[in-house]
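Asks: Let's see this in three dimensions:
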Amino acid sequence: MDDIFIGRQPIYDRDLGVYAYELLFRAAPDNSARFSDGDQATSNVIVNAFMEIGLDNIVGQRLAFINLTRAFFVDQDNICLPKERVVLELLEHIEPDADVIDGIKRLSAQGYAIALDDFVYQEDLQPLVQLADIVKVDIMALQRDEIRSQVHQLRRHPLKLLAEKVETRDEFDFCLELGFDYFQGYFFAQPQVIRGQRLPNNRLAILHLLSRLQNPDIKPAELEELIVQDVTFSYRILRYVNSAAFSLARKIESVHQAVVILGQQTIKTWTTLLAMSQVDNKPTELVVTAMVRGKMAEALAKALKAPHPESFFTVGLFSALDALMDNTMQEILTQLPLAEHISSALLYHKGIHGQVLASVLAYERGTWEQAVCDRLTPSQVRDCYLSALRWAGDVSQQLVKK
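Replies: Okay, here's the model as predicted:
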C-alpha cells in the first residue's frame, strides 16, 4: 500500500538537449493510465512529484509538464505549485468555456506557463491560442499537409510549438524543418538504427576505448596509460576524486594515486562514463539514462546478494549503447568484445544479468507488472530506481563540468 508510482517522458529542444519532462499518472501494479476520477489522478501526480518522491529526484532542475483537469483551472484555490518549475497543460477534451478561459488568464497572470495538449487549430479556439505559451501538436493524428497548415496558423502567434509522438528519424527531421521548438516521443528513447552504417570516427574511437576498459585482465598501469592519454579524462578524474564526495584526508595528485587509493574498478567505471559522455551529437540525457540503468541494475544485484554487482552495472550502462552509437547491439558487440554472459544479457536478456536488465527496462517504461526482480518487493525495486536516479543526477553534473 505504500508503493507510489509516477511516469516521466523527456521533452527535447532543437539541439536535442532535455528541456523538460512530462509527468504522467501511473498506478500499481500495472502500467495502465486508466482512472475514473481525473481530478484525483492529477492530484496523485502532484502529490507524488512534490511531496513524496520530490521533484528534484524526478526532473532535476528541468521543467515539469503537468496535465490538469478542468477543476484545477477553474478552482482558484487548487494551484499551489512553484511557477518557475512547472508548465500547466490544458487537456484536449476540456471545453474552453468562459470559466476555463478566465482560469487560464488568472494562472497566466500569476506567472504560470500554459501548454495546450494534443491541440488541433480551429478559428473558434483563438482565445486559447492567444493565452498559450506552448502548443503541443500530436503528429500521429495528422497528415503532413495538415501539420504544415497547423504550424502556419500557429506561427502567427508568439508561442512555442512542441511536436509530440515523434517515433522515427524521418518524423523528427520533418518537424525540425518545419520549425518546431520542442520534441517528444519514443524516437528519442529508442533511436532509429541503420544497420551496417559505418560509425563516425569519434564513436569508433570510443568503442575501442570501451573495449580496452572492459578487458578483465587490464593491469593498473595500462588503465593509468589510457586515462593520461586524454588530458580531459585526467583532469576530470582528479577533480572528482578530490571533491567532497570522497572526503579524502589528503589531496590526490596523480592518476596513479587515484587508482591505488580508490581502486581499479572505481576508476574504470568513471573512465567508462566519461568516454560515453563524449559521444558526439547525442543528448546528454541518453548518457544519464544509461547511468540510471547501470546503477539500478547494480543496486538490484546487491539487494539480491548476487556476486560481482559491478558486472550488472556494466550491463545496465551498455544497454543504451545502441542509442548512443546509432547502430544495432549486434553490430556494436562485434567491436566491443564482452564476456559471454554480458553479451547474452544485452542481446537476449538471458541469465541473471538479463533478468535484472529486463526488470530495469520494464521499470523505466512503467510496465510495473514486468518490473519484478526475483524475490525483491516492489518497494525494494522502487528504492533501487530512486537511488540510481539521484546518483545519476549527481554524477552527470560532474561529467558536464569543464
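
Asks: And the longest helix belonging to the chain, what's buried?
Replies: Using DSSP state H, we find that the single longest helix of the chain is helix 378-400. Under the neighbour-count criterion of 16 or more other C-beta atoms under 10 Å, helix 378-400 has 378, 381-382, 384-393, 395-396, 398-399 buried. Backbone N, C-alpha and C define where each C-beta goes, glycine included.

Asks: can you give me how far that helix is from the chain middle?
Replies: With C-alpha atoms, centre = their mean, to the nearest Å as the basis, helix 378-400 stands 11 Å off its chain's centre.

Asks: Can you name every helix or strand that that helix contacts?
Replies: Packed against helix 378-400 by the contact rule (3 or more C-beta pairs under 8 Å, 6 or more residues apart in numbering; DSSP states H and E) you find helix 55-59, helix 231-241, helix 264-277, helix 284-303, helix 351-365.

Asks: Which strands or helices does the first one pack on?
Replies: By that I understand helix 55-59. Other helices and strands packing on helix 55-59, by 3+ C-beta pairs under 8 Å, 6+ apart, are strand 18-24, helix 378-400.

Asks: Give me the angle between the last one and helix 284-303.
Replies: It refers to helix 378-400. Interaxial angle, helix 378-400 versus helix 284-303 (axes from the mean of the first three to the mean of the last three C-alpha atoms, to 10 degrees): 140 degrees.

Asks: Identify all contacting residues around the helix or strand hosting residue 145.
Replies: Assigned by DSSP states H and E, residue 145 falls within helix 144-154. With C-beta atoms under 8 Å, 6 or more residues apart in numbering as the test, helix 144-154 has contacts from 120-121, 129, 135, 137, 139, 142, 161, 174-175, 178-180.

Asks: hmm, 7 Å instead?
Replies: Outside helix 144-154, the residues that touch it by C-beta atoms under 7 Å, 6 or more residues apart in numbering are 121, 129, 135, 137, 139, 142, 161, 174, 178-179.

Asks: Show me these that map onto strands.
Replies: In strands, judged by DSSP state E, the following of the contacts of helix 144-154 are found: 135, 137, 161.

Asks: in the sheet, who's paired with the second one?
Replies: The reference is to residue 137. According to DSSP bridges, the partner residues bridging residue 137 are residue 163.

Asks: so it makes contact with residue 118?
Replies: No. Counting by C-beta atoms under 7 Å, residue 137 does not reach residue 118; the two are 8.1 Å apart.

Asks: thinking again about what came up before, got the buried residues for the helix holding residue 145?
Replies: By 16+ other C-beta under 10 Å, the buried positions in helix 144-154 come out as 147, 150-151, 154.

Asks: This completes my enquiry, with thanks.
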